[in-house]
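Novice: Below are the sequence and a predicted model for it; my questions follow.
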Amino acid sequence: MSNEHAGSDGFATRLRELRKNKNLSQSELGTLVGVHYTHVGRYEKGTSRPSADTLKRLASALDVTGDFLMDGSVNDMARARMEDQELMTQFQEVENLPEEEKKVVKIFLDAFLTKRQTPPTSRLTSNIIDYSIKAGAT
């Protein structure tokens, strides 16, 4: 790609932040994507841009899309940091649900996370009570 407007957007910043979030050196990222570490340094300084093929490999190594690397926003950065891509996709699908269905998902998640934070002895007691209630109901 040309160097035209090489530093005019946040590409260099996003690339550097994502690399650091993955605890990769420029050399390690370069090895993963098949470029010399000096190229990674130039991309991060905004003095050069990767080819389309290299951009695709960078995005893959950093678990983001090429679109995000080139044009990402602050909200996209939060999404990019999420490591479980399947979970991220599910959350994105939930965002498209009607408000009432979103509330149900939020209630379920809140209940699940709250239960996970309950001390194990309380959970055991809760399970015994649940079992007793079910056994008594039949």
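Specialist: Thanks, I have the structure now.
Novice: domain ranges for this protein?
Specialist: Domain segmentation of the chain under automatic domain parsing yields 11-81, 97-137.
Novice: what's the model's confidence in the last one, averaged?
Specialist: Just to be clear, that refers to domain 97-137. Mean pLDDT, computed over domain 97-137, is 72.
Novice: And for the longest one?
Specialist: Domain 11-81 comes out with an average pLDDT of 86.
Novice: right, and residue 94 touches residue 103 too?
Specialist: No: the pair residue 94 / residue 103 is not scored as a contact, 10.7 Å apart, by Cβ atoms under 8 Å. C-beta coordinates here come from the backbone N, C-alpha and C atoms, glycine included.
Novice: more neighbours, those two?
Specialist: residue 94 (14 against 11; other Cβ atoms under 10 Å).
Novice: element containing the more buried one, please.
Specialist: Using DSSP states H and E, residue 94 falls within helix 85-95.
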